[in-house]
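# Sequence first, predicted coordinates after that:
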Amino acid sequence: MKPALDIVNLSKQYGDHKALDNLNLTIPEGSMFGLLGPNGAGKTTLIRIINQIIEQDHGQVKLFGKDLKPDDIRQVGYLPEERGLYKTMKVGEQALYLAQLKGMPHDLAKSRLKDWFVRWDMTSWWDKKIEELSKGMAQKIQFITTVLHEPKLLIFDEPFSGFDPVNAQLIQEEMLRLNREGATIIFSTHRMESVEELCTDIVLIDQGNKVLEGNIHEVKDRHRNGSYRLTYRADKPIAFQAIEGVTATNSDMLRSGLYRQMFKINDGHANALIESLNQQCKIMSIEEVIPSIHDIFVQAVSPSQS
């Protein structure tokens, strides 16, 4: 798959602080790409460079195979974490103004806006001022103005912030629809459950450096560590410490005679473990525990790993 965005040896420094340190990154076209990292990792700096809000010190940004240039901003839609609308402007007037900044003709912008407002049951908002809307209502206006010009690249920074669960689900469904229709989406968030649910590919950056990247399933597969979850019936808990090649971790009694055990197993000891278990209990289920993106994130950026 060809890249939507190529980041090559990108660096940005503020005084003594390296926000980005020779970062190399490829974002596949058509992907739902998770841009992850702790606070201060360099995510916002990278997003601002892509949006040409600031310039890099060194390196290249290529959009769909060509060096990024000022006109390319019309191919990009950006929803920042810090939302910003003019509070005293009317909703329709402001939405039209923002659309025209992206190069949309007035009539086309108004037609598309009317379609969105009907679809989201917002027609009564058109002549209201932004200051009359709730935070969530204003967020929906800004989402629409971000995607209205149908850009090929969308960048959403914490897009669910400020939304109740119903509207967060609405925004999520729209993101998936836009992605299905061909948009490449960069999705920056601290909500790892949303990353698991939405993203096809991820990168994790920390202190301006890339820590890991790849297809989300491949990343999780690379971090498998031989952990399993066993549910079993027995008169008493099994002494896992006596079984060779097995390291017991958490254990619980679910109810009388029913237990759950987490453990790690070394290579080559699976058959011996199953034989031992069959002699001591009735196995109800046994399943491998694949690390979550949250677990991988914490492990990768913890102080002991840096």
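Thanks, I have it. Numbering: from 1, shown residues only.
# what are the ranges of the helices in the stretch 201-306 of the chain?
For the stretch 201-306 of the chain, the helices defined by DSSP state H, counting those that start in this stretch occupy 216-222, 270-280, 293-301.
# which of the residues in the first one are buried?
Using 16 or more other C-beta atoms under 10 Å as the test for burial, helix 216-222 gives 216, 219, 220. Every residue, glycine included, has its C-beta placed from N, CA and C.
# Pick the one among those closest to residue 176.
Here the nearest of those to residue 176, counting by C-beta to C-beta, is residue 216; it sits at 14.8 Å.
# so how many other residues sit close to residue 296?
The criterion is other C-beta atoms under 10 Å. On that basis, residue 296 has 22 neighbouring residues.
# Return the residues in contact with it.
204, 212, 219, 220, 223 (C-beta atoms under 8 Å, 6 or more residues apart in numbering).
# how much space is there between residue 11 and residue 209?
To residue 209, residue 11 is 11 Å away according to C-beta to C-beta, to the nearest Å.
# Find the residues that touch each one of these two.
Common neighbours of residue 11 and residue 209 (C-beta under 8 Å, 6+ apart) are 21, 23.
# contacts for stretch 203-221?
Contacts of stretch 203-221 (C-beta under 8 Å, 6+ apart): 12, 18-21, 23-25, 33-38, 40-43, 45-46, 195-196, 199-202, 222, 290-293, 296-297, 300-301, 306.
# Only whichever of the residues you listed are buried, select them in PyMOL.
Buried members of the contacts of stretch 203-221, defined by 16+ other C-beta under 10 Å, are picked up in PyMOL with:
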select buried, resi 12+18+19+20+21+23+25+33+34+35+36+37+38+41+42+43+45+46+195+199+201+202+291+293+296+297+300+301
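# from the contacts of stretch 203-221, which ones fall inside strands?
Judged by DSSP state E, the contacts of stretch 203-221 include 12, 18-21, 23-25, 33-36, 201-202 as members of strands.
# State the pair within the residues you listed that is farthest apart.
18 and 201 (24.9 Å).
# Quick check: chain neighbours aside, which residue is closest to residue 142?
Leaving aside its chain neighbours, residue 142 sits nearest to residue 83 (5.2 Å; criterion: C-beta to C-beta, 6 or more residues apart in numbering).
# Report the contact partners of residue 104.
Here residue 104 is in contact with 112, 148, 149 (criterion: C-beta under 8 Å, 6+ apart).
# now do 10 Å
74, 96, 98, 110, 111, 112, 113, 148, 149, 150 (C-beta atoms under 10 Å, 6 or more residues apart in numbering).
# did I read that right, it in a helix?
No - judged by DSSP: H, G, I helix; E, B strand; the rest coil, residue 104 forms no part of a helix; its state is coil.
# Check it and give its pLDDT.
With respect to pLDDT, residue 104 has a value of 93.
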